[in-house]
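got a structure for you, letters missing:
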């Protein structure tokens, strides 16, 4: 951890106050410190989020030319939006643990007497933050460049659907990133592992948002898709929580 | 110890498979709509069920491995998933043939089981590349187990999601065995048993082969160290890099260590 962030004083402040009276710091404090470090590193290097955002806009342009359509709606619009978001998310997933693996962040974290799951939580929250910023760029860009019907009315519900999808992407993405980062073919295995696991999110997300993006008679998403997404988030959140410790053992 | 019961298992597999084939061709009635083509059902569906059960079983063995740290569980999990992958390829091929025969297309998206099977297959296709790209055997086993557990839980979730997404365009041939005529149901259950036996036998063969190979390696290493002519590192360096887990064979070493004059 200390090798990644130059100024340790601000980052490890929470841990130090906890350690001063001889106790290990609470999980919440650790998560906060790790999350702070993640976001600081991202702010200073600007490695993931700008690339993800730029990638999403470029993909919309590619879709415009590949499909030869000036505007899309309904199923097609929902599909394009979700495929683009998933691919952009995978870019972030691929970079998520690279700094820790290369600069000794894992070693630093393992030396600290703290709960290992804190790292999962911090990384997942960081990835969630990246995804939210990505959507802040990608959704307006999509509305501007490709979407036929106006985004205004559908926006609140669409944001809810996106948030549900993001939770699942964050859980699966963090687990897969940790799994792939210390293999030889890291850049290859990450997407290969992540995409099939994300298919149910693509199904649920696209089906839930397609009535929102319909040209005529836009409607509310069917409850079963929201339920599917929620259930999937829950199950894979628990799986990631149960398995993450085993990836950090050496 | 791994080879124990292999002969009996092989013979019973062959017997049950033969009975199943006999039932398929001479006992089960021809289906009214699809006629002879429907017979592929007795191969395709058991293959699919066994492959999925094998994937989930591989996940359960991986949980055992993570809990006990016993490398034999990792080996079993690897063999179960490896064999299931082969069964999954066979499932996809027979499913394709069936789809071509009954609906006229090699691939039918509106059949949710086929679509979700493909996704599961694509996910498990990364199992071997994942193993192959981790060199440290202990970490390889651990990471593979984490993958196996995740993927094992993904199998039922994926089936729910894909099934929800598909409108039922085609009549379900198999809802459950309860709506089959009794003669078809008996044939199907015997075929399922035969396929399960085949899976178990093949898994056992692979485990036995791996164990034998490990024993042979240990013996060869002993022979080389005894002759003393080769340098000591040669025997270890010759071990090939592999995606498959290998058993250490401590039994032989321990057994013969106390007998210098053999």
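Here it is on my side, so go on. Just so it is clear, the structure is predicted and the values come from calculations on it, not from any experiment.

List the contacts of the residue nearest to residue B:158 when sequence neighbours are not counted.
Of all residues not flanking residue B:158 in the chain, residue B:116 sits nearest, at 5.2 Å (C-beta to C-beta, 6 or more residues apart in numbering or on different chains). Placement of C-beta: from N, CA and C, glycine included. By C-beta atoms under 8 Å, 6 or more residues apart in numbering or on different chains, the residues touching residue B:116 are B:158, B:159, B:161, B:162, B:163.

Angles on the backbone of residue B:116, please.
The phi/psi pair for residue B:116 (degrees, to the nearest 10) reads phi -70, psi -30.

Give me the pLDDT for it.
On the pLDDT scale, residue B:116 is placed at 86.

can you check residue A:187 too?
Predicted confidence (pLDDT) for residue A:187: 86.

Quick one: list the elements packing against the host helix or strand of it.
According to DSSP states H and E, residue A:187 maps onto helix A:186-209. Where contact means 3 or more C-beta pairs under 8 Å, 6 or more residues apart in numbering or on different chains; DSSP states H and E, helix A:186-209 is packed against helix A:74-95, helix A:155-180, helix A:223-247, helix B:112-124, helix B:127-132, helix B:137-165.

And it, how far out from the chain middle?
12 Å (C-alpha atoms, centre = their mean, to the nearest Å).

can you give me the angle that helix makes with helix B:137-165?
Helix A:186-209 and helix B:137-165 are oriented at 20 degrees to each other (axes from the mean of the first three to the mean of the last three C-alpha atoms, to 10 degrees).

if we can go back for a sec, just put the helices and strands packed on helix A:186-209 in TSV and tack on distance to residue B:36.
What follows is the helices and strands packed on helix A:186-209, written out as TSV (distance: least, C-beta to C-beta, whole Å):
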stretch	distance to residue B:36
helix A:74-95	39
helix A:155-180	44
helix A:223-247	39
helix B:112-124	21
helix B:127-132	37
helix B:137-165	29
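
out of those helices, nearest to residue A:211?
helix A:74-95 (7.9 Å; C-beta to C-beta).

Please spell out which residues along whichever helix or strand comes after that closest one are buried.
Reading on from helix A:74-95 to the C-terminus, the next helix or strand found by DSSP H and E is helix A:98-103. Residues of helix A:98-103 classed as buried: A:98, A:99, A:100, A:103 (neighbour count, 16 or more other C-beta atoms under 10 Å in any protein chain shown).

Which strand or helix spans residue B:191?
helix B:182-227.

and residue A:81, how many neighbours does it have?
Close neighbours of residue A:81, defined as other C-beta atoms under 10 Å in any protein chain shown, add up to 28.

what's the closest non-adjacent residue to it?
Using C-beta to C-beta, 6+ apart and skipping residues adjacent in sequence, the residue nearest residue A:81 is residue A:142, 5.6 Å away.

What is the host helix or strand of the one you found packed up against?
Secondary structure assigned from DSSP H and E places residue A:142 in helix A:117-145. Contacts defined by 3+ C-beta pairs under 8 Å, 6+ apart place helix A:117-145 against helix A:27-45, helix A:49-67, helix A:74-95, helix A:155-180, helix A:223-247.

Residues of chain B that sit close to chain A?
B:66, B:119-120, B:122-123, B:126, B:129-130, B:133-136, B:138-139, B:142-143, B:145-147, B:149-150, B:153-154, B:157-158, B:160-162, B:164-165 (C-beta under 8 Å from any C-beta of the partner chain).

quick one: the closest residue to residue A:90 other than its chain neighbours and residue B:186, what's the gap?
Nearest residue to residue A:90, sequence neighbours excluded (C-beta to C-beta, 6+ apart): residue A:191, at 5.1 Å. Distance, residue A:191 to residue B:186, by C-beta to C-beta, to the nearest Å: 46 Å.

higher neighbour count, those two?
The neighbour comparison of residue A:191 against residue B:186 (other C-beta under 10 Å) goes to residue A:191, with 18 against 15.

Check whether the more buried one really touches residue A:94, as I assumed.
Yes. Residue A:191 lies in contact with residue A:94 (C-beta atoms under 8 Å); the separation is 7.1 Å.
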